[in-house]
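1. Predicted model, plus sequence, below.
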Amino acid sequence: AGELTTVMAGKLTMATNATFPPYEMTTDGGDIEGIDVDTAKAIAEKLGLELQVDDMEFDAALLSVQQGKADIAMAGITVTDERKAVMAFSDSYATGIQSIIVPEGSDIASPDDLAGKKIGTQRGTTGYIYCTDDFGEDSVVAYDNGLTAVQALNNGQVDAVVIDNAPAKEYVAANPGLKVLETSYAEEDYAIGMNKDNTALVEAVNAALEELKADGTLQSIVDKYITA
Ligand code: ARG
């Protein structure tokens, strides 16, 4: 597949949106950490590169690999056909579940009950895409990140938030009075986004990922951030 080239010599540049615990979040000290960051670090190490993490809006992270500004986009990114048309994806490294967060006592108990409600989502995410497809654009509000969507739910500006299960659990743990519905909205695969033209990088990342899966590194990273 040719020689491995990256945006900056010696570096693996990762575009992310660090508002998505436990995959990527910003600590009080301003550090970016999480499952995706540790996994990218392990991949970079295998490729003999130094990881550089760039935090930005979620849709900007998707664009940056398409525009050749970052080598990889890692942000709990769901593989979809629309995205596959414009970017390359690694093999999947995790399963994502679109979940519904509602206030305790809400009459919303399943995805169908979202009809006629105001739904909060993060801009550019599959939660936004599915909800606008299923319930129409007027029913869906797009927020900059999951946390602001959850704050809007707390303030009664929306009736529910549709977001990936792992951050949903963390947001709900920090916000008494909210709960995650048992019935999920959709199941999906997370993968690493890359530029369509960089086939050498796609192959190298897949090879590294396979080793990290086989030797238990990936699982131990997940276990570090997700307990129970
Ligand atoms: N899995 C969803 C998607 O790909 C949401 C990902 C949001 N990630 C983030 N770091 N904010 O659309």
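-> It's in.
2. Would you mind putting the CA coordinates of the lengthiest helix in the chain into CSV?
-> The helix that spans the most residues within the chain, counting by DSSP state H, is helix 199-214. This file holds the C-alpha atoms of helix 199-214, laid out as CSV (Å, rounded to 0.1, in the frame of the first residue of the first chain):
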residue,chain,number,x,y,z
THR,A,199,-4.6,3.5,2.3
ALA,A,200,-1.2,2.9,3.8
LEU,A,201,-2.4,4.5,7.1
VAL,A,202,-5.6,2.5,7.0
GLU,A,203,-3.7,-0.7,6.7
ALA,A,204,-1.2,0.2,9.4
VAL,A,205,-3.9,1.3,11.8
ASN,A,206,-5.8,-1.9,11.2
ALA,A,207,-2.7,-4.0,11.8
ALA,A,208,-2.0,-2.2,15.1
LEU,A,209,-5.6,-2.5,16.2
GLU,A,210,-5.6,-6.2,15.6
GLU,A,211,-2.6,-6.6,17.8
LEU,A,212,-4.1,-4.5,20.5
LYS,A,213,-7.2,-6.6,20.4
ALA,A,214,-5.3,-9.9,20.4
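3. After that helix, which helix or strand is next?
-> Next helix or strand after helix 199-214 toward the C-terminus (DSSP states H and E): helix 217-225.
4. Now the most centrally placed residue in the chain. Nearest residue, chain neighbours left out?
-> In the chain, the centroid-proximal residue (Cα atoms, centre = their mean) is residue 76; its distance is 2.3 Å. With Cβ to Cβ, 6 or more residues apart in numbering as the criterion, residue 76 has its nearest non-adjacent residue at 4.2 Å, and that residue is residue 23. The C-beta positions use only the backbone N, C-alpha and C, and glycine is treated the same way.
5. Would you check that that neighbour makes contact with residue 38?
-> No - Residue 23 is beyond contact range of residue 38, at 10.0 Å (criterion: Cβ atoms under 8 Å).
6. Give me the distance between residue 184 and residue 99.
-> Separation of residue 184 from residue 99 (Cβ to Cβ, to the nearest Å) stands at 6 Å.
7. Near the ligand, which residues of this structure? Just list them.
-> 17, 19-20, 24, 58, 75-78, 96, 122, 125-126, 164 (Cβ under 6 Å from any ligand atom).
8. rerun that using 8 Å as the cut-off
-> 16-20, 23-24, 36, 58, 61, 75-78, 80, 83, 96, 98, 122, 124-129, 145-146, 163-164, 167, 188, 190 (Cβ under 8 Å from any ligand atom).
9. Among those residues, which ones are in helices?
-> 36, 58, 61, 83, 126-129, 146, 167.
10. Of these, which is the most crowded?
-> residue 36 (30 neighbours; other Cβ atoms under 10 Å).
11. Do you know the pLDDT at that one?
-> Looking at residue 36, its pLDDT reads 98.
12. is it true that it touches residue 73?
-> No - assessed by Cβ under 8 Å, residue 36 is found out of contact with residue 73, at 9.7 Å.
13. Could you name every residue contacting both of these two?
-> 14, 16 (Cβ atoms under 8 Å, 6 or more residues apart in numbering).
14. what mean pLDDT would you report for the lengthiest strand in the chain?
-> In the chain, taking DSSP state E as the definition, the longest strand is strand 94-103. Strand 94-103 shows a mean pLDDT of 97.
15. Good, wrapping up.
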